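Student: Turn this into a model:
(chains A and B)
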Amino acid sequence: MINELGTWFIFFSPLLAFVLIGVFVWPFIGKKSKLSGYITIFAITCSTILSFWALGSVIHNGQAIEIDSHNWVKIENIEINVGIMLDELTAIMLVVVSSVSLLVQIYSTGYMKNDGGYSRYFMYMSLFTASMIGLILASNLIQMFVFWELVGASSYLLIGFWFNKPAAAAAAKKAFIITRLGDFGFLLAILYLFFNSGSFLANGLNPFEVADINNAIALGVISSSVAGWVAIGMFAGAMGKSAQFPFHTWLPDAMEGPTPVSALIHAATMVAAGIFLVARFFPLFEASKEAMMVVALVGGITAIFAASIGLVQNDIKRVLAYSTISQLGYMMLALGVGAYSAAIFHLFTHAFFKALLFLTAGSVSHSVGGTFDMRYMGGLKRLMPWTYGAVMIGGLSLAGIFPMAGFWSKDEILNHAWHSSSVVSDVVFWIAIIAAFLTAFYMFRAIFMTFEGEYKGGAKSDPGMDVLEETTPHESPKVMIIPLILLSIATVTVGWLVNPLTNIGSIPIHWFADFIHVGEGHDKVLAFNKVLAVIASLIGVSGILLAYLIYVSKFRVLDRLPVKTNEIYKILISKYYFDEFYEDVITRHVFYSRFATYLDAIDKSFIDGIVRTVDRIGRNIGRLIAQIQTGQLQGYGVVTSFGVLLLFGIYLIFR
Amino acid sequence: MDLQQFLIIGAILFFIGLFGSFTKKNTIVVLMCIELMFNAVNLTAVAMSRYLVPYSTGNDSSIVDSILTGQIFSIFIITIAAAEIAIGLAIVIVLVRNYKSVFISDVKELKH
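Tutor: Residues are numbered from 1 along each chain as shown, chains lettered A, B, ... in the order given. From the prediction side, this is the model:
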């Protein structure tokens, strides 16, 4: 059984790596020191081992492990504690975050080998992992918020890692600001809880303790409308972090960071934080029908919306970015229809296959000279067999094809959406089916464009890149291939291994769904639905076939149709004009020319007026008083003497 | 003669000095008036000491020490006044050298 110290060390180990690299390696040993990579990998290996131990302990214990929290701040009678909440959700998330992070770090040592900021990169990566683990472990809302923001801050550092590239700097800023908009909702939720703390305290509960907030629903301490508002506020935070519609615009731009960073952000850390938050406060969300409806609808809209944009992207990383947004929408809609375990299961499987897909994208880009534009790739199948195998496994998993991990979790979500009986769940079920088709199509479009056909010159042909020398595509070094193989194995196996249909050895049937549960009664484990699974698979296969017909076979539909001039194509390639809407309409017209102009006028007339008036009064008084100063010593003497006499007289009279 | 008369004389002298030092233009006269104020203070101090401090009542040396406080003070004041007038006259010489005048109203440097 893991103890408190061991659990804390899961968090402190990467944090120590961050401090060690930042304080010693980076300034003293070297900005490109190999040591920083080894320190990070060692620290995260420790975290991974301890995470598996923690998971084992929770399984062995059969329930959450109780760990006392420590008092941090006391405001009147509200205590803000710092502690660890080690339940089933935490244990699963710890394993996902630390193991995916470990593989990404190993891969990074190869990918970032020639980068000037090698030490800085690993420093930030350690901080990123540490803050995500801190977020997962937090037992207190305030503590959680601190790490929530730290995740945002470190993602800012990593997305803007190549800060001398203007696009990267802008993307980092965008990610930070848009997620901050959502965090504002989160903060309001915390404030709302604070103002409602009276009813918590009256029942001996702590308004900031995660477990107490969830208990408060069951005990009826807070009404469902209060729960609903808090849930919506938190969901706003989750929407920002998990790039849900309409806060999704930062995630594709975040591709400006190094590819392993994208893999980490998309698979395990940043975007998973939003799903994790909703899952963590699931009883709170469940208490309010409206909140659940919002979650389901936002998830559904995001799923299909992002998938449709993914259809036309030419940048392989952007295709993956939109697929991440779409899959996060899937998880949200699963949470929204009450499929708690299915959502976490999808998060779990998605972490592996999305990390795999991103790392293959990095491997491809590495080999073709740095470009990510698929129009200049092609024909890499024979040149990069390992990468091709890995991307096939990842792609099949994303498309939901048996027996890959994605098949099992996607099926679980569809099954839950099918079985819950409300209008919203029916709507999101069909949305999910359509999104599944689109996902299969765009993923295989990307794979076929990259790996089939003939090689089209890589970075040299890309007018967007400033590369002159020809690069011959080659398989990536071992240090990059090994994580791909490990993630491929995980992608093939984790789906049926952790949530099997029958008892496999010591793993009982539906282990994952039984393990990840919240409270009693709700979230029943559904039997595997064969018909639905077959239908979902057929939809996935048809998406793949369509992609094959269009991009590989001789039957080239696209060349005959005027697709590029099509209105729908224009809308999709412009991402539904969301960036333009935010930049031109909201920022420029509403914010700059209306809001900011009025504020500026108020500032100039009113606030500056006050300042100027005060200034004028002071200056005039000063001018009056200055006349007394004549420079005549005798005048000063007279005034002083009479002053002394006056004071003495007053003393004598009022003695 | 009792204490009151000495104090009245002292006060009159002091205020003559004060009035003079505030009204006279000539710096040397101002210095003389300041000297007058010193002497008024000396007179008061000696008179106070003489009339108010108790006489020695025998061999108690601590009381003898305190008896002459005023007189010793006035000696100090005379000494310091001598030093002060030396500095004052030096200032007057510098004034004359720089302003070609001994009139205090011509010196307005404190205004700036």
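
Student: any idea which helix or strand of chain A has the worst average confidence?
Tutor: Lowest on mean pLDDT, DSSP states H and E among the helices and strands of chain A sits helix A:557-560, with a mean of 60.

Student: Would you mind listing the buried residues in the helix or strand following it?
Tutor: Once the chain leaves helix A:557-560, the next helix or strand it forms, by DSSP states H and E, is helix A:567-573. Residues A:L572 are the ones in helix A:567-573 that count as buried (16 or more other Cβ atoms under 10 Å in any protein chain shown). For every residue, glycine as well, the C-beta is placed using N, CA and C.

Student: Identify the residues contacting helix A:567-573?
Tutor: A:S308, A:I309, A:L311, A:V312, A:Q313, A:V563, A:Y577 (Cβ atoms under 8 Å, 6 or more residues apart in numbering or on different chains).

Student: Separate out the buried members of these.
Tutor: A:S308, A:I309, A:L311, A:V312, A:Q313.

Student: what about the helix or strand hosting A:H60, distance to the chain center?
Tutor: Following DSSP H and E, one finds A:H60 within helix A:34-61. Centre-to-centre, helix A:34-61 and its host chain are 21 Å apart (Cα atoms, centre = their mean, to the nearest Å).

Student: now swap in stretch A:130-148 and tell me
Tutor: Distance, centroid of stretch A:130-148 to centroid of chain: 14 Å (Cα atoms, centre = their mean).

Student: And stretch A:179-194, by the same measure?
Tutor: Worked out by Cα atoms, centre = their mean, stretch A:179-194 lies 16 Å from the chain centre.

Student: Need the mean per-residue confidence for that stretch.
Tutor: This predicted structure assigns stretch A:179-194 an average pLDDT of 89.

Student: Quick check: which ranges of the stretch 351-500 of chain A have low pLDDT?
Tutor: A:458-461, A:464-471 (pLDDT under 70).

Student: Please give the element, helix or strand, for residue 79.
Tutor: Picking chain A for this. With DSSP H and E as the test, A:E79 turns up in strand A:78-82.

Student: Let me rephrase: I mean chain B.
Tutor: helix B:69-99.

Student: Look at the residue of the stretch 301-450 of chain A found nearest chain B and tell me its secondary structure.
Tutor: The nearest approach of the stretch 301-450 of chain A to chain B comes at A:G370, 69.9 Å away (Cβ to the nearest Cβ). Of the three states, A:G370 takes coil under DSSP: H, G, I helix; E, B strand; the rest coil.

Student: Distance-wise, check it relative to A:W162.
Tutor: 12 Å (Cβ to Cβ, to the nearest Å).

Student: Phi first, then psi, for the residue lying closest to A:I507 once chain neighbours are set aside.
Tutor: Counting by Cβ to Cβ, 6 or more residues apart in numbering or on different chains, the nearest residue to A:I507 once its immediate chain neighbours are dropped is A:P500, at 5.8 Å. The phi/psi pair for A:P500 (degrees, to the nearest 10) reads phi -70, psi 160.

Student: So, low pLDDT: which residues of the chain?
Tutor: Reading this off chain A. A:458-461, A:464-471, A:505, A:518-527, A:554-565.

Student: I was after chain B.
Tutor: For chain B (pLDDT under 70), the answer is B:54-67, B:110, B:112.

Student: which bits of it sit near chain A?
Tutor: Counting by Cβ under 8 Å from any Cβ of the partner chain, the residues of chain B close to chain A are B:18, B:21-23, B:30, B:104-105, B:107-112.

Student: what do you get if the cut-off is 7 Å, keeping everything else the same?
Tutor: By Cβ under 7 Å from any Cβ of the partner chain, the part of chain B that sits against chain A consists of B:L18, B:S21, B:F22, B:I104, B:S105, B:K108, B:E109, B:L110, B:K111.

Student: Quick one: buried ones out of those residues?
Tutor: Going by neighbour count (16+ other Cβ under 10 Å), the residues of chain B next to chain A have B:L18, B:S21, B:F22, B:I104 buried.

Student: Quickly find the element holding the first one.
Tutor: Assigned by DSSP H and E, B:L18 belongs to helix B:3-23.

Student: Check which element follows that helix along the chain.
Tutor: Defined by DSSP H and E, the subsequent element after helix B:3-23 is helix B:27-52.

Student: who does that next one touch, helix- and strand-wise?
Tutor: helix B:3-23, helix B:69-99 (3 or more Cβ pairs under 7 Å, 6 or more residues apart in numbering or on different chains; DSSP states H and E).

Student: Just the angle for the helix or strand hosting A:S154 relative to strand A:78-82, thanks.
Tutor: Assessed by DSSP H and E, A:S154 sits inside helix A:141-159. Compare the direction of helix A:141-159 with that of strand A:78-82 by axes from the mean of the first three to the mean of the last three Cα atoms, to 10 degrees and you get 50 degrees.

Student: Contacts for helix A:141-159, please.
Tutor: A:80, A:82, A:124, A:127-128, A:131-132, A:134-135, A:138, A:168, A:171-172, A:175-176, A:179, A:183, A:186, A:190, A:208, A:210, A:213, A:254, A:256-257, A:261, A:265, A:269-270, A:273 (Cβ atoms under 7 Å, 6 or more residues apart in numbering or on different chains).

Student: Quickly note the distance from the residue most central in space within chain A to A:F122.
Tutor: Central residue of chain A (Cα atoms, centre = their mean): A:V271, 2.0 Å from the mean position. To A:F122, A:V271 is 21 Å away according to Cβ to Cβ.

Student: Could you do B:R50 as well?
Tutor: Distance from B:R50 to A:F122, by Cβ to Cβ: 92 Å.

Student: who has more neighbours, these two?
Tutor: A:F122 (30 against 14; other Cβ atoms under 10 Å in any protein chain shown).

Student: Give me the three-state assignment for the more buried one.
Tutor: helix.

Student: show me what contacts the residue nearest the centre of chain B?
Tutor: Central residue of chain B (Cα atoms, centre = their mean): B:F38, 0.7 Å from the mean position. By Cβ under 7 Å, 6+ apart, the contact set of B:F38 is B:I77, B:A81.

Student: do that again at 8 Å, thanks
Tutor: Counted by Cβ under 8 Å, 6+ apart, B:F38 has contacts B:G17, B:I77, B:I78, B:A81.

Student: same check, this time on A:N529
Tutor: A:D411, A:N415, A:W418.

Student: out of these, which touch chain B?
Tutor: Among the contacts of A:N529, no residue sits close to chain B (Cβ under 8 Å from any Cβ).

Student: Looking at these, which are in helices?
Tutor: A:D411, A:N415, A:W418 (DSSP state H).
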